[in-house]
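S.K.: What follows is a predicted structure for the sequence shown.
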Amino acid sequence: TVTGGQLVLSVMSRNTMADTSSAQVTTPLPLRGCGVTVELASRPDLSANFSGHVGLFRPASALPSFRWEMDSRGLVAAWSLSDGGVGAQIISAGAPTTWPRWLRIEEGGGQVRFRTATATTFTTVQSVPHAEALDSMILRAQAAYPAQPGGDRTSFAIDNVNLGP
């Protein structure tokens, strides 16, 4: 849902079925020589098997992808390349008490960089060399709970999505 200008992805744990919430842009974005920044307006509760991500994916394929994942590991920079290369770097472990306010994925010179900021200065937390064509990527956000007892509800929200150098 969109609440107060923010995209809110909310899920609830249930005994009988998994719950998933997702949203994506309708027009592919160019990542080559560019970047996508989102403000993490609210963070999820990472307990009870929650998983979520904000990332860039090929429109008709699962590969390549570059994404920020949120799950029992904490906040993770993760990637999957067309040549089979995969990786993940834990940025904030477990259920961190402080999270970056801004998450950015950018490309330049054959490197995809994962960057974070708590205020206005970005820090590169992971770089991934690639040989991918990144001129057409879809920005997707998703939250999920597996089928499980509980009745717990959690959400995360993003705001201020920006595409730029």
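M.R.: Great, that's in hand. Predicted model, so just to flag it, every value in this text is computed and none were measured.

S.K.: okay, CA-based contacts and neighbour counts for the rest of this
M.R.: Noted.

S.K.: Okay, strands next: where are they in this structure?
M.R.: 2-3, 6-12, 19-24, 35-42, 51-57, 65-71, 74-80, 86-93, 102-108, 111-117, 123-129, 138-145, 153-164 (DSSP state E).

S.K.: Tabulate those (JSON lines), appending mean neighbour count and mean pLDDT.
M.R.: Output for those, formatted as JSON lines (neighbours: other CA atoms under 10 Å; pLDDT from 0 to 100):
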{"stretch": "strand 2-3", "mean neighbour count": "10", "mean pLDDT": "86"}
{"stretch": "strand 6-12", "mean neighbour count": "22", "mean pLDDT": "91"}
{"stretch": "strand 19-24", "mean neighbour count": "16", "mean pLDDT": "92"}
{"stretch": "strand 35-42", "mean neighbour count": "19", "mean pLDDT": "95"}
{"stretch": "strand 51-57", "mean neighbour count": "24", "mean pLDDT": "95"}
{"stretch": "strand 65-71", "mean neighbour count": "24", "mean pLDDT": "96"}
{"stretch": "strand 74-80", "mean neighbour count": "21", "mean pLDDT": "96"}
{"stretch": "strand 86-93", "mean neighbour count": "16", "mean pLDDT": "93"}
{"stretch": "strand 102-108", "mean neighbour count": "22", "mean pLDDT": "96"}
{"stretch": "strand 111-117", "mean neighbour count": "21", "mean pLDDT": "97"}
{"stretch": "strand 123-129", "mean neighbour count": "15", "mean pLDDT": "97"}
{"stretch": "strand 138-145", "mean neighbour count": "22", "mean pLDDT": "94"}
{"stretch": "strand 153-164", "mean neighbour count": "17", "mean pLDDT": "92"}
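
S.K.: Enumerate every residue touching the closest residue to Ser65 other than its chain neighbours.
M.R.: Using CA to CA, 6 or more residues apart in numbering and skipping residues adjacent in sequence, the residue nearest Ser65 is Phe57, 4.5 Å away. Phe57 sits next to 63-66, 137-140 when contact means CA atoms under 8 Å, 6 or more residues apart in numbering.
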